[in-house]
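J.: Please work out how this folds:
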Amino acid sequence: MTDDIRSEILLHVNGRTHRLSVDNRRTLLDALREGMGHTGPKKGCDRGQCGACTVLLDGRRVVSCLTLAVAADGAEVTTVEGLADDGELRPLQQAFIQLDGFQCGYCTPGQLCSAIGMLAEHAAGWPSAVTADISPDGPAPELDAGEVRERMSGNLCRCGAYPSIVRAVLETASREEVTR
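T.: Below is the predicted model of the structure:
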C-alpha cells in the first residue's frame with residue numbers, strides 16, 4: 001500500500017485552467033465548491049440520486065458528487081457559471097426564466113447542465129429508455145415530453161417545477177432546430 005494519498009491535477013473549468021493538489025478521495029463536487037469557489041453545483045444527497053451537482057465533463061453530464069476529482073484530470077468541466085457566453089444567457093437559461101422552470105432555484109444549476117447535456121445526446125441520436133425504435137437504421141428519436149421527462153429523470157426538483165422544466169427544454173430544442 002502506498003502513502004501517496006494526494007495527486008496534482010489540472011482541471012479546465014469554465015474556460016480557465018486550475019492546478020490543484022487534491023486528496024485522491026476528493027470528489028469533483030468538493031474540488032469545485034471548496035477548492036475553486038464554484039458554488040453553482042449543489043451538494044444535495046451526496047449519493048448521485050438527486051442531480052443537484054450535475055456538471056458537464058468534456059460535454060457529457062455527470063453527477064460530480066460521485067466523480068473523483070483525479071478522474072477528471074485534464075478534462076473540460078462546465079458548471080452553470082460557465083453556460084452563459086460573456087454574460088449573455090443561453091436560450092435554455094432564458095426559457096427557464098420565462099417559463100418559470102425553477103422555483104427555489106436549488107436544483108436549477110444541475111437541471112440546466114443536465115438539459116444541455118441531454119439536448120446534445122438527443123442531437124447525436126442517442127436513444128432513451130422510452131425511445132420507440134432503437135434499431136440502428138431507425139429514425140432519430142423525436143424529442144417530446146416523454147423523452148424529456150425520461151432523459152431528465154436523474155434530476156429531482158423538490159418544488160415540483162417539472163412541467164415548466166419540460167416546456168423550457170422543448171421550447172429551446174424547437175428553437176435550436178429552426179436555427180440549424
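J.: just so I have it, where are all the helices in the protein?
T.: Taking DSSP state H as the test, the helices found in the chain are 28-30, 36, 91-98, 108-123, 145-151, 162-179.
J.: Can you list the low-confidence ranges for the protein?
T.: The chain contains residues with pLDDT under 70 at 1-3, 176-180.
J.: 50 instead?
T.: 1, 178-180 (pLDDT under 50).
J.: Which residue ranges make up the domains of it?
T.: In the assignment given by automatic domain parsing, the structural domains of the chain cover 6-82, 91-179.
J.: Would you mind measuring from Asn14 to Ala84?
T.: 10 Å (C-beta to C-beta, to the nearest Å). For every residue, glycine as well, the C-beta is placed using N, CA and C.
J.: Among these two, which residue is more densely surrounded?
T.: It is Asn14, of Asn14 and Ala84, that has more neighbours when counted by other C-beta atoms under 10 Å, with 19 against 12.
J.: contacting residues around that one?
T.: Going by C-beta atoms under 8 Å, 6 or more residues apart in numbering, Asn14 touches 38, 77-79, 81-82.
J.: show me what contacts the residue lying closest to Gln98 once chain neighbours are set aside?
T.: Nearest non-adjacent residue to Gln98, counting by C-beta to C-beta, 6 or more residues apart in numbering: Ala168, 7.7 Å away. Contacts for Ala168 were tallied using C-beta under 8 Å, 6+ apart; they are 92, 95-96, 98-99, 101, 115.
J.: What is the neighbour count of the residue lying closest to Pro127 once chain neighbours are set aside?
T.: Nearest in space to Pro127, with sequence neighbours left out and distances taken as C-beta to C-beta, 6+ apart, is Ile134 at 4.4 Å. As a burial measure, Ile134 scores 11 neighbours (other C-beta under 10 Å).
J.: Equivalent analysis for Gly125, please.
T.: If you count neighbours by other C-beta under 10 Å, Gly125 ends up with 12.
J.: what ranges do the strands span in the chain?
T.: Listed from the start of the chain, the chain has strands (DSSP state E) covering 6-13, 16-23, 54-57, 60-63, 76-78.
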